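Chemist: With the input below, show me the fold.
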Amino acid sequence: MSSILIVDDSTFSRKMIGRYVQKFFPDASIEYASDGELGLHKYTQLKPDCVFVDLLMPKMGGLDLIRQLKAEGCGKIVVVSADVQQSVRQEAESLGINAFLNKPLNDEKMRQLTDTLEAT
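Modeler: Take a look at the predicted model:
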């Protein structure tokens, strides 16, 4: 992957996800957005290879953002969320995401993600 967009309203989460992305995708360029609306705007400008999306955000929530990203032709979407409700996970998966990772991230989750993204 050459470009990744991380969309999360938490500065701390953006930094942590960014660190893991740098560690596991060292050649990728990384851009950040602090809410769903800005994330969609950046996606349409940059067309990154993959978008990491939080679910609970102001202005436009993660599920709405995923719908919009899919309508724009986004290929790879990874949800990174603290929301562990099975119904929320199922809804995100029904929208065609590539992976759902629960916060906090760790090396094991990122290794599995790497394998998943390489397979798609």
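Chemist: what secondary structure does the most centrally placed residue in the chain sit in?
Modeler: Nearest to the geometric centre of the chain sits Phe52, at 1.2 Å (Cα atoms, centre = their mean). Of the three states, Phe52 takes strand under DSSP: H, G, I helix; E, B strand; the rest coil.
Chemist: so who does it touch?
Modeler: The neighbourhood of Phe52, defined by Cβ atoms under 8 Å, 6 or more residues apart in numbering, consists of Ile4, Leu5, Ile6, Val7, Asp8, Ile17, Val21, Val78, Val79, Val80. The way it works is simple: take the backbone N, C-alpha and C, and place the C-beta from them, glycine included.
Chemist: So which of those are in helices?
Modeler: Ile17, Val21 (DSSP state H).
Chemist: Give me the residue ranges of the chain where confidence is low.
Modeler: 1 (pLDDT under 70).
Chemist: so where do the helices sit in it?
Modeler: 11-24, 36-46, 62-71, 86-94, 107-119.
Chemist: can you give me how far the shortest one is from the chain middle?
Modeler: Read that as helix 86-94. Mean-position distance between helix 86-94 and its chain equals 15 Å (Cα atoms, centre = their mean, to the nearest Å).
Chemist: Identify each buried residue in that helix, please.
Modeler: Val88, Arg89, Ala92 (16 or more other Cβ atoms under 10 Å).
Chemist: With the third one instead?
Modeler: Buried residues in helix 62-71, counted by 16+ other Cβ under 10 Å: Gly62, Leu63, Leu65, Ile66, Gln68, Leu69.
Chemist: other SSEs contacting it?
Modeler: helix 36-46, strand 50-53, strand 76-81, helix 86-94 (3 or more Cβ pairs under 8 Å, 6 or more residues apart in numbering; DSSP states H and E).
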